[in-house]
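Enquirer: generate a structure from the sequence data that follows.
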Amino acid sequence: QLQLVESGGDLVQPGGSLRLSCACSGFTFSRYTLSWYRQAPGKERELVATITGTGGRTDYTDSVKGRFTISRDNAKNTVYLQMNSLKPEDTAVYYCNTRRGSSIDYWGQGTQVTVSS
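Expert: Okay, here's the model as predicted:
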């Protein structure tokens, strides 16, 4: 059974940092692209960052480039999102995702990130 379990969300002040983790199980982790999405209240879920199976390629939405870093540890079946210089507009529930084919998405339960003074 495929499972994605996020952790690391918290309340942090503007300018602060957080590292999110997503522990994965139930599939051959190193073969698949992993992504982080986020959804703020009243907004659609948006793609934040993606990393390929080997970790050789990463992509970011423009609003987080230079501040967020996605990485993975294939020995631990875990993907990370290091978030620096956090802004109030980064406040959202962050979700881990892996996709099969063109339309089958698997999601974790999400972890809340709140950036506020």
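Enquirer: centroid-nearest residue for this structure?
Expert: Closest to where the C-alpha atoms of the chain average out (C-alpha atoms, centre = their mean) is Trp36, at 2.7 Å.
Enquirer: please identify the buried residues of the helix or strand hosting it?
Expert: Element membership for Trp36, per DSSP states H and E: strand 34-39. By 16 or more other C-beta atoms under 10 Å, the buried positions in strand 34-39 come out as 34-38. Where C-beta positions appear, they are placed from N, C-alpha and C, glycine not excepted.
Enquirer: between these, which is closest to Ser102?
Expert: Ser35 (14.4 Å; C-beta to C-beta).
Enquirer: if I pick the closest one, what's in contact with it?
Expert: Neighbouring residues of Ser35 by C-beta atoms under 8 Å, 6 or more residues apart in numbering: 47-51, 96-99.
Enquirer: cool, Gly15 as well?
Expert: 85-86 are the contacts of Gly15 under C-beta under 8 Å, 6+ apart.
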